[in-house]
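J.: Compute the structure for the input listed below.
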Amino acid sequence: LRELCLQPSASPCRSPKTLVRSSAPGATEFGSVERARSKDAMQKGDTALAAAAACGAAGAWQAAGALVEEARRNLNVGLANSAGKTKAFTVVLAALGRGRCWEAALALLAEMQRLGPEPNAITVSAAISACQQGSSWAAALALLAELRAADSALRPNEVSFGAALGACSKAGLWRHALQLLADMAVERLRPGLIAFSVAMRCCKLQGEWQQALALLPRLSAACVRPDVMLFGTAISACERGEHWAGALQLLEELRAHRLQSNVVVYSAAVSSCAKAGRADWSEVLLEEMHRESVAANAITYNAAITAAEKGRRWELALSILGRMRLRGIKPDLISCNAATSACEKGTVSWAAALGLLAAARRWKLQPSCLSYNAAVSACEKGLQWQSALRLLRELSSLALQSSAVPL
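T.: A predicted model of the protein is given here:
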């Protein structure tokens with residue numbers, strides 16, 4: 001049985017009946033209905049069902065599907081409604097979900113509804129989760145709608161709503177995600193932190209930063225305490241929406257909740273300032289990180305250098321680059337491009353631009369077209385035509401086109 005459970009899955013997902021035809025030899029050996037009702041057949045059925053649950057728990061969904069069909073043949077159409085049998089089927093459904101076999105999971109659920117054992121809310125939730133993992137949001141919402149129907153004997157729970165919410169989030173359906181949060185209140189269910197986080201992340205990825213921020217007051221109403229990750233998602237939403245002031249305000253709210261910021265949160269806030277060219281605030285954030293012993297990474301420093309570049313503060317850009325190296329973080333091409341572009345915007349910074357190109361080579365980085373173009377422009381502004389010509393020759397020798405997209 002252990003070897004069967006650990007067999008790798010190599011074939012595409014199919015329904016349980018197809019699975020048993022391909023992976024359960026000797027299926028026709030189980031005789032008539034009379035024999036299926038015999039004591040021996042019942043024992044075989046119980047054993048097969050237990051084995052199916054074991055395979056499901058081990059993630060061997062193909063073997064689990066085959067054993068479920070073997071159990072059904074032995075136990076016959078009238079599978080008794082027992083908690084143990086329903087639980088075993090639920091485990092198999094969950095295994096099919098992990099195998100991204102949502103169609104097979106729906107087929108098994110339909111058989112349970114038709115032949116038994118009768119599914120419960122947990123079983124249906126497992127089927128919705130299978131749809132989520134299989135990226136089938138429409139099927140997930142359809143199952144949830146069946147649970148919510150007035151004539152349904154079952155009612156949805158937090159798990160079923162959470163799975164449907166996850167399916168909508170994966171598909172980028174932010175309106176559906178927000179509606180599901182509202183529907184939970186209708187069902188007298190309280191969304192948890194995970195549900196809010198999933199909905200907020202969906203809004204963020206779709207560029208709906210205002211919708212993402214609108215979820216924050218609803219957390220208090222639902223008596224849900226936000227965590228650092230949720231604040232990070234909200235700040236990242238502000239960054240995508242170029243709402244730097246909102247990002248800084250969220251940092252204050254994070255502190256008001258007595259939460260400790262991390263490098264991800266700070267990097268998102270610095271990036272927000274960078275998009276607005278607020279080099280002053282990016283510097284403040286770097287200083288706060290130092291005071292709070294939060295180590296900045298390459299993403300943080302690159303964002304701060306970009307903020308200095310957009311703010312036309314080439315000396316600050318070089319200063320940040322120097323601090324980056326002092327803290328043992330190796331500059332990358334993004335760092336060099338941003339710093340060189342900052343030098344281009346200065347009037348007497350051509351020497352610094354040339355120095356950055358030389359430094360990039362020492363750091364074993366290949367300067368891109370953007371780096372060369374910025375350095376040439378800096379030399380032009382500084383009336384250094386000989387240096388500009390030399391750079392153009394280098395650019396030609398490297399077979400780079402000045403209009404190409406930077407690496």
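J.: okay, now the domains of this protein?
T.: As given by automatic domain parsing, the domain ranges for the chain are 1-103, 128-224.
J.: quick one: what helix or strand has the residue lying closest to Trp363 once chain neighbours are set aside in it?
T.: Excluding its sequence neighbours, the residue lying closest to Trp363 (Cβ to Cβ, 6 or more residues apart in numbering) is Pro331, at 6.2 Å. (Glycine included, C-beta is placed from N, CA and C.) Following DSSP states H and E, there is no helix or strand that holds Pro331.
J.: Quick check: Pro331 touching Arg325?
T.: Yes. At 6.6 Å, Pro331 counts as touching Arg325 under the criterion of Cβ atoms under 8 Å.
J.: what residue ranges in the stretch 301-407 of the chain score low on pLDDT?
T.: Scanning the stretch 301-407 of the chain for pLDDT under 70 picks out 346-348, 383, 397-407.
J.: how about 80 then?
T.: By pLDDT under 80, the low-scoring segments of the stretch 301-407 of the chain are 345-350, 366-373, 376, 378-407.
J.: where along it do the helices fall?
T.: 314-326, 333-344, 350-362, 369-381, 385-397 (DSSP state H, counting those that start in this stretch).
J.: List the contacts of Arg231.
T.: Check again: residue 231 is Phe, not Arg. Phe231 makes contacts with 250, 253-254, 257, 259, 265, as judged by Cβ atoms under 8 Å, 6 or more residues apart in numbering.
J.: can I get the residues you listed in a markdown table with distance to Leu316 and neighbour count?
T.: Below are the contacts of Phe231 laid out as a markdown table (distance: Cβ to Cβ, whole Å; neighbours: other Cβ atoms under 10 Å):
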| residue | distance to Leu316 | neighbour count |
| --- | --- | --- |
| Leu250 | 25 | 24 |
| Glu253 | 28 | 14 |
| Leu254 | 26 | 22 |
| His257 | 32 | 11 |
| Leu259 | 30 | 17 |
| Val265 | 23 | 25 |
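J.: quick one: which of these is nearest Arg175?
T.: Leu250 (23.3 Å; Cβ to Cβ).
J.: now the helices for the stretch 101-250 of the chain?
T.: For the stretch 101-250 of the chain, the helices defined by DSSP H, counting those that start in this stretch occupy 102-115, 121-133, 137-148, 158-170, 174-186, 193-205, 209-221, 228-240, 244-256.
J.: Now the last one - C-alpha only, CSV.
T.: So the one you mean is helix 244-256. Provided in CSV are the C-alpha atoms of helix 244-256 (Å, rounded to 0.1, in the frame of the first residue of the first chain):
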residue,chain,number,x,y,z
TRP,A,244,3.3,58.0,-1.4
ALA,A,245,1.5,59.9,1.3
GLY,A,246,-0.8,57.0,1.9
ALA,A,247,2.2,54.7,2.2
LEU,A,248,3.7,56.9,4.9
GLN,A,249,0.4,57.1,6.7
LEU,A,250,0.1,53.3,6.8
LEU,A,251,3.5,53.1,8.4
GLU,A,252,2.2,55.3,11.2
GLU,A,253,-0.8,53.1,11.6
LEU,A,254,1.4,50.0,11.7
ARG,A,255,3.3,51.5,14.6
ALA,A,256,0.1,52.5,16.3
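J.: and that helix, which residues are buried?
T.: 244, 246-248, 250-251, 254 (16 or more other Cβ atoms under 10 Å).
J.: Pick out the most distant pair among the residues you listed.
T.: Largest pairwise distance in those, by Cβ to Cβ, is 15.7 Å, between Trp244 and Leu254.
J.: could you dump the contacts of Phe231 to TSV with distance to Ala110?
T.: Output for those, formatted as TSV (distance: Cβ to Cβ, whole Å):
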residue	distance to Ala110
Leu250	46
Glu253	47
Leu254	47
His257	46
Leu259	46
Val265	46
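J.: Report the secondary structure element holding Val294.
T.: Using DSSP H and E, no helix or strand contains Val294.
J.: That one touches Ala269, doesn't it?
T.: No. Using Cβ under 8 Å, Val294 is not in contact with Ala269, being 11.4 Å away.
J.: if we can go back for a sec, looking at Pro331 and Arg325, which one has more neighbours?
T.: Pro331 (22 against 14; other Cβ atoms under 10 Å).
J.: roughly how far apart are that one and Gly382?
T.: 23 Å (Cβ to Cβ, to the nearest Å).
J.: now swap in Thr90 and tell me
T.: 73 Å.
J.: higher neighbour count, those two?
T.: Set Thr90 next to Gly382 and count neighbours by other Cβ under 10 Å: Thr90 wins out with 23 against 19.
J.: Find the nearest non-adjacent residue to the more buried one, please.
T.: Here the residue nearest Thr90, using Cβ to Cβ, 6+ apart, is Thr123, at 4.6 Å.
J.: sorry, back to before: would you mind putting the helices of the stretch 101-250 of the chain into CSV with mean pLDDT and distance to Ser319 alongside?
T.: Below are these laid out as CSV (pLDDT from 0 to 100; distance: least, Cβ to Cβ, whole Å):
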stretch, mean pLDDT, distance to Ser319
helix 102-115, 83, 54
helix 121-133, 90, 48
helix 137-148, 93, 49
helix 158-170, 94, 41
helix 174-186, 95, 40
helix 193-205, 96, 32
helix 209-221, 93, 31
helix 228-240, 95, 23
helix 244-256, 94, 21
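J.: Throw those into TSV and include distance to Ala352, thanks.
T.: Putting the helices of the stretch 101-250 of the chain into TSV (distance: least, Cβ to Cβ, whole Å) gives the following:
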stretch	distance to Ala352
helix 102-115	57
helix 121-133	52
helix 137-148	52
helix 158-170	46
helix 174-186	45
helix 193-205	37
helix 209-221	36
helix 228-240	28
helix 244-256	27
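J.: Run through who's touching stretch 151-165.
T.: Contacts for stretch 151-165 (Cβ under 8 Å, 6+ apart): 119-122, 124-125, 128-129, 131-132, 137, 140-141, 143-144, 146-148, 177, 180-181, 183-184, 187, 189-192, 194-195, 198-199.
J.: can you pull the alpha-carbon coordinates of it into PDB?
T.: The C-alpha coordinates for stretch 151-165 follow below in PDB (Å, rounded to 0.1, in the frame of the first residue of the first chain):
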ATOM      1  CA  ASP A 151     -33.500  24.600  -0.400                       C
ATOM      2  CA  SER A 152     -30.000  23.400   0.600                       C
ATOM      3  CA  ALA A 153     -29.700  21.300   3.700                       C
ATOM      4  CA  LEU A 154     -26.100  22.400   4.100                       C
ATOM      5  CA  ARG A 155     -24.800  25.900   4.800                       C
ATOM      6  CA  PRO A 156     -21.400  27.400   3.800                       C
ATOM      7  CA  ASN A 157     -18.700  28.000   6.300                       C
ATOM      8  CA  GLU A 158     -15.600  30.100   6.500                       C
ATOM      9  CA  VAL A 159     -13.600  27.400   4.700                       C
ATOM     10  CA  SER A 160     -15.900  27.300   1.700                       C
ATOM     11  CA  PHE A 161     -16.000  31.100   1.400                       C
ATOM     12  CA  GLY A 162     -12.200  31.200   1.800                       C
ATOM     13  CA  ALA A 163     -11.700  28.700  -1.000                       C
ATOM     14  CA  ALA A 164     -14.000  30.600  -3.300                       C
ATOM     15  CA  LEU A 165     -12.300  33.800  -2.400                       C
END
